[in-house]
Structures are given as structure tokens and as C-alpha cells.
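[1] Coordinates only, no sequence provided:
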């Protein structure tokens with residue numbers, strides 16, 4: 001696993017923790033923002049995997 005993949009994986013783990021908190025708090029706006037950031041991180045991870 002290269003450095004970019006490792007960094008993205010850690011970011012996704014952190015975002016999932018925050019998403020769980022946002023769900024518990026019922027903060028829909030925050031949930032959408034976190035989901036968007038997770039999607040961006042996954043896109044970076046896919047790009048790194050293809051390289």
C-alpha cells in the first residue's frame with residue numbers, strides 16, 4: 001500500500017467516525033458534507049490504485 005492509499009484509508013476511517021457522530025446527533029447537513037468528503041477520498045484511493 002503506497003503512502004497516498006494509506007493516507008486516504010486513514011481519512012476514510014476518520015470520516016466514518018465523524019459520520020456516525022453526525023448520525024447520532026441528527027445533523028443532516030454535516031452528514032451530507034462528510035459523505036461528500038468520503039466520496040472524494042474514495043475517488044483519490046481508486047486513482048492511486050490504478051497508478
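    Looks like it arrived, so ask away. Keep in mind that what you see is a predicted model, and the values were worked out from it rather than measured. Residues are numbered from 1 along each chain as shown.
[2] Now do stretch 6-17: distance to the chain's middle.
    5 Å (C-alpha atoms, centre = their mean, to the nearest Å).
[3] hang on, I meant stretch 20-38
    Here the centre of stretch 20-38 is set off from its chain's centre by 11 Å, with C-alpha atoms, centre = their mean.
[4] now what about it, what contacts it?
    With contact meaning C-beta atoms under 8 Å, 6 or more residues apart in numbering, stretch 20-38 is reached by 11, 12, 15, 16, 18, 19. Where C-beta positions appear, they are placed from N, C-alpha and C, glycine not excepted.
[5] Work out which residue lies at the spatial centre of the chain.
    Closest to where the C-alpha atoms of the chain average out (C-alpha atoms, centre = their mean) is residue 38, at 2.8 Å.
[6] can you give me phi and psi for it?
    Backbone torsions for residue 38, taken as degrees, to the nearest 10, come to phi -60, psi -40.
[7] can you check residue 27 too?
    Main-chain torsions, residue 27, degrees, to the nearest 10: phi -90, psi 90.
[8] what does residue 26 give?
    In terms of degrees, to the nearest 10, the main-chain angles of residue 26 are phi 80, psi 20.
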